[in-house]
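[1] What shape does this take:
(one chain, ligands or ions: 2)
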Amino acid sequence: VSETTTIGQYLIDRLLALGARHVFGVPGDFVLAYYKHLTDSELRVVNMADEQGAGFAADAYARVNGIGAVCITYGVGSLKVINTTAQAHAEKSPVVVICGGPGVRERTRERKLHHKVGTFDSQLKIFKEITVASAILDDAETAQAEIDRVLFACLRERLPVYLELPRDMVNATFTVRPVHAPKETSDPETLREALEEIARMVAGAKKPVILAGEELHRFEVHDLLPGLLERSGIPCASTTLSKSVIDEAHPLYLGVYEGALGNDAVRHYVETSDCVLVLGANLSDVTLGIDTAQLETARMVHATSDHLNVRRARYERIVFKELILALEPALGTRPRPTIPNPHRPEPWIANADAQITVARLFQCLNWHLTPDTVVITDVGDCFFAATDLFVEHSGFVACAYYLSLGFSVPGSLGLMMARPHLRPLVITGDGAFQMTGMELTSILRTGDRLAPIVVILDNEGYGTERPMIDGEFNDIHPWRYAEIPAVLGAGKGWVVRTEADLDRALAGAEANLDSYSIIDVKIARGDISAGLERLTSHLGKRARG
Ligand SMILES: Cc1ncc(C[n+]2csc(CCOP(=O)(O)OP(=O)(O)O)c2C)c(N)n1
Ligand SMILES: [Mg+2]
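    Numbers count the residues shown, from 1 in each chain. Ligands and ions are numbered 1, 2, ... in the order given. Purely as a prediction, here's the structure:
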């Protein structure tokens, strides 16, 4: 039997079929009819205060759920998710951007229309640069093929996509054809040869090591990692972007590798290895410790969804997931080496009157992590300090490569929608919080009694930039963050100056299961984490030219 549907409904059905349960957004007249449609569907619409917040929430959601969606209006809305879509692209997050647009009948001639800039193609062109596939759904005849093409590309590449829905096409009908998910397979001979070459290289190595990247997580093969390590006897390190790809308590886990910016023992192990298997890690200047990493191509296998290189040889037509699935049986076994494991958190005992410092704050937070915590950090010293947290069981989410301030508070809402049983520990700087922290209002608006704990490192401004080049431009207006609950009419707040204050605040926050908690931690100017200390001495040299 042939079934008739509408473009709007088909898109909803496909999103549900591919695993989306929520859509984040802000309505506007070009998308209002579709917004109503979405609200009446099985998808839950999560309204945000600002489109950038919606984009960040969809990104965080997509990272843990496997697909996410953001729905906004033309121009004023969509152009505000450029930054978040660029982040999703940079860090491989499968976000579907759905933008309501002018109707096809409104597009018969170029004219000035509210929210429109340039031509009717301008937005599509802008999004083309930062998405893997895109379409304007202006024809009912081709709509199904276009939606399928775009959504499959999103999942195949784990990259964002853009769909523009002209408002008069929402209810345009067509007859649904069966959906065929394209099956991507490697060239079997090439895969076999590549695996043999990798196995030879590993067998001949004295001290192989795996650098486990974020794509293991994105392509849902991270669960294979413990088995791979245990059988092969090869230890692994993660990158700043992939932290928590493996339980950090695993005996074959070394820690986060980030060149000279990270832990010395991890650096030494990785850089003295004669065979580094880089699996699913995109190597950026950040991942490579601001280019301080010493990894030579001649002793490296580098596999990502984009390419496979064994030393200098490149193998084409290898599907990343297939390679990872085939790796464990292909590699031999060897006795487990003795390796330096990351330090477990030391028990926290407060020195009651001592002024709180960044180092002690993170020691305390580390002690408070539970299997139900998911850590989400913003950019700034919170990120550099959080890299050193010992994350057992729990997840760790950060925009560790694109580094856009303002991700954490809206991102935490995405995480809570995707994983309602987890409680986010949101760690942010005061500058980042002033950008998007007001999305706390969206967390309340859900009516779900969500209870993230937001910790603000309140150091009177842009602490990360001060050691590089300082000036008034790094100062911000001081807020009374702990009083935000009074303004929003819900939530609980604490100000922390001493270690005893921190104990009280965390005890109170942990007991507050009905609403968000906000902890304003007063950090002395110039008190920075060891990680940031190392970073700024490198960056400062570069920034000063
Ligand atoms: C959206 C965005 N704008 C600007 C920057 C540049 N930047 C990097 S760190 C930083 C300071 C952040 O201040 P804060 O959130 O208070 O954290 P702190 O550095 O004090 O730890 C700035 C402005 C950025 N990364 N992202
Ligand atoms: Mg700050």
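[2] Residue 336 reaches residue 232, doesn't it?
    No - using C-beta atoms under 8 Å, residue 336 makes no contact with residue 232, being 9.6 Å away. In short, each C-beta sits where N, CA and C put it, glycine included.
[3] who has more neighbours, these two?
    Taking other C-beta atoms under 10 Å, residue 336 and residue 232 do not tie; residue 232 has more neighbours (23 against 14).
[4] and the gap between that one and residue 214?
    21 Å (C-beta to C-beta, to the nearest Å).
[5] same thing with residue 320?
    Noted for residue 320: a distance of 12 Å to residue 214, by C-beta to C-beta.
[6] now residue 140
    According to C-beta to C-beta, residue 140 and residue 214 sit 38 Å apart.
[7] between these two, which one's more packed in?
    Set residue 140 next to residue 214 and count neighbours by other C-beta under 10 Å: residue 214 wins out with 28 against 17.
[8] Identify the residues contacting the residue nearest to residue 494 when sequence neighbours are not counted.
    Leaving aside its sequence neighbours, residue 494 sits nearest to residue 505 (C-beta to C-beta, 6 or more residues apart in numbering; 3.6 Å). Neighbouring residues of residue 505 by C-beta atoms under 8 Å, 6 or more residues apart in numbering: 494, 496, 517, 519.
[9] model confidence over the helix or strand harbouring residue 505, on average?
    Element membership for residue 505, per DSSP states H and E: helix 499-511. On average, the pLDDT along helix 499-511 is 98.
[10] same check, this time on stretch 111-120
    pLDDT averaged over stretch 111-120 gives 91.
[11] and that stretch, which residues are buried?
    Within stretch 111-120, the residues scored as buried using 16 or more other C-beta atoms under 10 Å are 115-116, 120.
[12] What ranges does the stretch 301-450 of the chain have for its strands?
    Taking DSSP state E, counting those that start in this stretch, the strands of the stretch 301-450 of the chain run over residues 308-310, 313-315, 373-377, 395-398, 423-429.
[13] end-to-end on stretch 28-48?
    Using C-alpha to C-alpha, to the nearest Å, the end-to-end distance of stretch 28-48 comes to 13 Å.
[14] Repeat that for stretch 98-114.
    The first and final residues of stretch 98-114 sit 19 Å from each other (C-alpha to C-alpha).
[15] can you check stretch 376-383 too?
    One end of stretch 376-383 to the other measures 9 Å (C-alpha to C-alpha).
[16] Check stretch 245-254 too.
    With C-alpha to C-alpha applied, stretch 245-254 spans 12 Å between its terminal residues.
[17] wait, isn't residue 381 in contact with residue 462?
    No - with contact defined as C-beta under 8 Å, residue 381 does not reach residue 462; the gap is 10.0 Å.
[18] Look at these two and report which has more neighbours.
    Neighbour tally, residue 381 and residue 462, criterion other C-beta under 10 Å: the higher count belongs to residue 381, 26 against 20.
[19] In space, what's closest to the more buried one - neighbours in sequence excluded?
    Once flanking residues are discounted, residue 381 sits nearest to residue 532: 4.8 Å by C-beta to C-beta, 6+ apart.
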